[in-house]
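K.L.:
Sequence and predicted structure below; questions after.
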Amino acid sequence: MLYRFHHLSDVATGQLCQVFNDAFSDYVIPMQLTVSLLQQKMAGENIQLDCSAGAFQGDHLCGFILHGRDESRPEVLYNGGTGVVPTARGRHLVQELYAHFVPKYRQRGVREILLEVIACNQKAIRAYENSGFVQQRKFLCFKGEIYLSRRNNPVLIQKSALPEESLIAHFADQVPSWSNSIASVRREKQYTTTWVAVYEGEIVGYISIFLASRRIRQIGVRKDMRRRGIGTALMQQAAEVLGNPFTLINVDAENEGMIAFLEKMGMTEILTQYEMKLSI
């Protein structure tokens, strides 16, 4: 059965949402999006439909790869979602899509494509490996209810816009994944709330949370101010205002300090993902 390969610029968001939900109807993690949630996802990940790939039969979209691109890293595409509807599976559409589009991406200055895949999804991993992707980092994902305790905050916690990247980039112990990057948080600002911790007039910590799902996009404390309860104060502020539970995805498995902190706060590991990269 022949497919027509084309970018997704002419696909309406409603149609894309329907196909997305069909493709993920039996996914290892339940995932059904509304048009609004898909639009939020696309905004946060800066999905560019002219860089996204589609497999069509007539006017029917049967498979897709959503790609994001950032002005600060134009040589990188981010695969924010790959899906094939059940009736079109078993035909190696993911490999065919990448074989068709990679030369076009290379002509546009792209040199690598990044994605995350759930570690237990061996079928998807094989499809990506067959397309040339190799594993990079191992990511852990957490969920849990933040334990609330009455204590004096060591700092002033206040609502704020996300601070400048030059100030907070060194607060973290890992390079964030694409969807948790500072650029992504800024793109999601209307859906995200941020609190900062202020000590002696200086910002020494912050937390940014995607409101619809209570997903922590970023949390960081200045390295010389750690182990003073600042991270705890930020997490408890969020829990007091937003309620529980919270999630935080894509913590580097080598980021032992963050893992220990999250477990101390009452969160547990629920999922493992691999970051994969295709060099083109």
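P.N.:
Sure thing, it's come through.
K.L.:
Now do the contacts for the residue nearest to residue 225 when sequence neighbours are not counted.
P.N.:
Nearest non-adjacent residue to residue 225, counting by CB to CB, 6 or more residues apart in numbering: residue 204, 4.4 Å away. Just so you know, the C-beta spots here come from the backbone N, C-alpha and C atoms, and that holds for glycine as well. Residue 204 makes contact with 155, 197, 198, 221, 222, 225, 230, according to CB atoms under 8 Å, 6 or more residues apart in numbering.
K.L.:
Got the domain ranges for this structure?
P.N.:
Annotated domains of the chain cover 4-132, 142-272 [automatic domain parsing].
K.L.:
right, and those - which one's nearest residue 279?
P.N.:
Closest approach to residue 279 among the domains of the chain (CB to CB): domain 4-132, 5.2 Å.
K.L.:
Tell me, how many residues neighbour residue 256?
P.N.:
The tally of other residues near residue 256 (other CB atoms under 10 Å) stands at 11.
K.L.:
How confident was the prediction at it?
P.N.:
What the model reports as pLDDT for residue 256 is 97.
K.L.:
can you give me phi and psi for it?
P.N.:
Phi and psi for residue 256, reported as degrees, to the nearest 10, are phi -60, psi -30.
K.L.:
ok, now how distant is it from residue 76?
P.N.:
Using CB to CB, to the nearest Å, residue 256 is found at 27 Å from residue 76.
K.L.:
likewise residue 146?
P.N.:
For residue 146, the distance to residue 76 (CB to CB) stands at 33 Å.
K.L.:
cool, and residue 185?
P.N.:
17 Å.
K.L.:
Can I get stretch 156-163 as CSV, trimmed to CA atoms?
P.N.:
Taking Å, rounded to 0.1, in the frame of the first residue of the first chain, the C-alpha atoms of stretch 156-163 are listed here in CSV:
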residue,chain,number,x,y,z
LEU,A,156,11.1,35.0,50.9
ILE,A,157,9.0,33.1,48.3
GLN,A,158,7.2,35.2,45.8
LYS,A,159,5.4,34.8,42.4
SER,A,160,7.5,36.0,39.5
ALA,A,161,8.2,35.8,35.8
LEU,A,162,10.8,33.3,35.0
PRO,A,163,14.2,34.9,35.7
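K.L.:
on that earlier part again, tell me which of the domains of the chain sits nearest to residue 280.
P.N.:
Nearest of the domains of the chain (CB to CB): domain 4-132, 5.2 Å.
K.L.:
more neighbours, residue 146 and residue 76?
P.N.:
A direct count of neighbours by other CB under 10 Å for residue 146 and residue 76 places residue 146 higher, at 23 against 17.
K.L.:
List the residue ranges of the stretch 101-250 of the chain that fall below the pLDDT cut-off.
P.N.:
Applying pLDDT under 70 to the stretch 101-250 of the chain picks out residues 150.
K.L.:
where exactly do the helices run in it?
P.N.:
For the stretch 101-250 of the chain, applying DSSP state H, counting those that start in this stretch gives helices covering 122-130, 165-168, 182-187, 230-242.
K.L.:
what about the strands in the stretch 151-280 of the chain?
P.N.:
For the stretch 151-280 of the chain, the strands defined by DSSP state E, counting those that start in this stretch cover 156-160, 192-199, 202-210, 215-221, 246-252, 267-279.
K.L.:
so what secondary structure elements neighbour the shortest one?
P.N.:
Read that as strand 156-160. For strand 156-160, the packing partners by 3 or more CB pairs under 8 Å, 6 or more residues apart in numbering; DSSP states H and E come out as strand 192-199, helix 230-242.
K.L.:
okay if I get these as CSV plus distance to residue 98?
P.N.:
Listed next are the helices and strands packed on strand 156-160 as CSV, based on distance: least, CB to CB, whole Å:
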stretch, distance to residue 98
strand 192-199, 32
helix 230-242, 39
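K.L.:
Mean neighbour count and distance to residue 105 for the ones you listed - can I get that in CSV?
P.N.:
Converted to CSV, the helices and strands packed on strand 156-160 look like this (neighbours: other CB atoms under 10 Å; distance: least, CB to CB, whole Å):
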stretch, mean neighbour count, distance to residue 105
strand 192-199, 20, 29
helix 230-242, 19, 38
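K.L.:
picking that back up, now tabulate the helices of the stretch 101-250 of the chain in a markdown table and tack on distance to residue 27.
P.N.:
Putting these into a markdown table (distance: least, CB to CB, whole Å) gives the following:
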| stretch | distance to residue 27 |
| --- | --- |
| helix 122-130 | 10 |
| helix 165-168 | 33 |
| helix 182-187 | 22 |
| helix 230-242 | 27 |
